[in-house]
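[1] dropping a prediction and its sequence here:
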Amino acid sequence: MAADPTKLKVAKDVGRTDVLFHLARQPGTSRVFVGSSDFKLYELDLQAEKPEAKEIGGHGSYVTSVALAGKTLVSGSYDCKLSWWDSENGKSIRSVDGHAKRIRMIVASPDGKLVASVADDMICKLWSVADGKLMRELKGHDAITPHNYPSMLYAAAFSRDGKQLATGDKTGKVCVWNVADGKQLGTLDASGVYTWDPTQRRHSIGGIRSLAFSPDGKRIVVGGMGKVGNIDHPDAPGRLEVFEWPSAKKLYDLQTEGKLKGMFEQLAFNADGSWLVGAGGGYAGFIAFVDVNNGKIIFQDSAPMHVHGLSLAESGDTIYASGHNKLVRWELNA
């Protein structure tokens, strides 16, 4: 039976006292790894009747991202360090000084040989999973916004074939890189996800919080939040901007409807690329499914929490998510 987004149902709801910023899943299983606001990493099986959190290790601050590359788990933190762990036994392999400022996201290449990390030093770094060696630094994002404030580098995504990497910053700039040699292939302007208030508060909100390549590698989807009326509150609709990246042509943009507000924190395509799921939130959480061919929302709903981490099962019929005080498993054929 094909997965049906309109039949979305929460199948498992696990309460927590912390915020789980990111989630990585062992392929073909319901075994997930999460990074926490309590500075630790945990492992859980979200198919278990009563999922128990097994502590793996920790950092000196929030664990903002985790990536699974084969049997190796790599974590990143506001403490600016990257740590390698054996996902089978939970033992520490190594820890390195990764960036000069807070690490925002780590993603693993499809072949599991590389991880890319992005941080507030505005550098994307490519690391060897096998030995922790820094392979190259990718520098294409401005450290200062057009309004003379520090920028942030929030998001990264590999193409499905692993040949390209996209990075996205606070002002809505996307850089696309050739992984083999580190050359910049192009840029995209997704500034619709960035709001600057020049009068009341003189600061900004928003930015690119998530990125995804279509399975054929021709499109890039940018996730964030629409223009904000009150700069102190994430009360705008979630916003997606879709590009044909080789030509830098924007195909369309769309926003969540009704009361669903906040940022698209994570994006994932199903196997054949016919639809995309995105989730996130502001004061509350949301999940939305989009037909990428016509740019229409197939289905959207509130989520039990502000979602920070998301993984779509290979079959496309199960979604695993982490966020504020919860872990959730959704089924799409309930």
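    Now that the structure is in, tell me what you want to look at.
[2] next, give phi and psi for Trp245.
    phi -70, psi -30 (degrees, to the nearest 10).
[3] give me the pLDDT value at it.
    Predicted confidence (pLDDT) for Trp245: 96.
[4] before we move on, what about Thr199?
    67.
[5] distance of the residue nearest to Ser61 when sequence neighbours are not counted relative to Thr17?
    Nearest non-adjacent residue to Ser61, counting by C-beta to C-beta, 6 or more residues apart in numbering: Tyr78, 3.8 Å away. To be clear about C-beta, it is placed using only N, CA and C from the backbone, and glycine gets the same treatment. Going from Tyr78 to Thr17 by C-beta to C-beta, to the nearest Å gives 19 Å.
[6] please identify which of the two sits among more neighbours.
    More crowded of Tyr78 and Thr17, by other C-beta atoms under 10 Å: Tyr78, with 20 against 8.
[7] which ones are touching the more buried one?
    For Tyr78, the contacting residues are 59, 61-62, 64, 102-103, by C-beta atoms under 8 Å, 6 or more residues apart in numbering.
[8] 6 Å - rerun?
    Applying C-beta atoms under 6 Å, 6 or more residues apart in numbering, we find Tyr78 in contact with 61-62, 102.
[9] what about Cys175, how many neighbours?
    Neighbours of Cys175 using other C-beta under 10 Å come to 21.
[10] find the residue closest to it in space, skipping its chain neighbours.
    Using C-beta to C-beta, 6+ apart, the closest residue to Cys175 is Gly140 (4.0 Å).
[11] is it correct that the one you found is in contact with Leu185?
    No - here Gly140 lies out of contact with Leu185, judged by C-beta atoms under 6 Å, at a distance of 10.3 Å.
[12] the two: which is more packed in?
    Between Gly140 and Leu185, Gly140 has the larger neighbour count (other C-beta under 10 Å), namely 17 against 14.
[13] what does the more buried one show for phi and psi?
    Torsion angles, degrees, to the nearest 10, at Gly140: phi -150, psi 0.
[14] quick one: Pro304 from Ala166, how far?
    From Pro304 over to Ala166 (counting by C-beta to C-beta), the distance is 30 Å.
[15] how far away is Gln164 from Gly217?
    Gln164 sits 7 Å away from Gly217, taking C-beta to C-beta as the criterion.
[16] of those two, which one has the most company?
    Taking neighbours as other C-beta under 10 Å, Gln164 and Gly217 compare with Gln164 leading, 21 against 16.
[17] and the more buried one, bridged to which residues?
    Applying DSSP bridges to Gln164 yields these beta-bridge partners: Asn178.
[18] how far away is it from Gly280?
    24 Å.
[19] run through the bridge partners of Ser311.
    Bridge pairing for Ser311 - DSSP bridges - gives Tyr320.
[20] nope, Lys173 is what I was after
    Lys173 has the following beta-bridge partners by DSSP bridges: Asp189.
[21] run a quick neighbour tally on it.
    Lys173, neighbours per other C-beta under 10 Å, totals 21.
[22] find the nearest non-adjacent residue to Gln47, please.
    Closest to Gln47 by C-beta to C-beta, 6+ apart is Ser30, at 3.6 Å.
[23] same check, this time on Thr17
    Nearest to Thr17 is Asn325, by C-beta to C-beta, 6+ apart, at 6.6 Å.
[24] which SSE is that neighbour in?
    strand 318-331 (DSSP states H and E).
[25] now do that strand: everything it contacts.
    8-14, 16, 19-20, 23, 25, 32, 34, 46, 304-312.
[26] try 7 Å this time
    8-17, 19-20, 23, 25, 30, 32, 34, 44, 46, 277, 279, 285, 304-312, 317 (C-beta atoms under 7 Å, 6 or more residues apart in numbering).
[27] now the buried members of those residues.
    By neighbour count, with 16 or more other C-beta atoms under 10 Å, those hold 8, 10, 12, 14, 16, 19-20, 23, 25, 30, 32, 34, 44, 46, 277, 279, 285, 304-312, 317 as buried.
[28] so what's the residue count around Thr145?
    18.
[29] so what's it up against?
    151, 170-171, 204.
[30] can you add pLDDT and secondary structure and give those residues back as TSV?
    Below are these laid out as TSV (pLDDT from 0 to 100; DSSP: H, G, I helix; E, B strand; the rest coil):
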residue	pLDDT	secondary structure
Ser151	94	coil
Lys170	96	coil
Thr171	95	coil
Ser204	73	strand
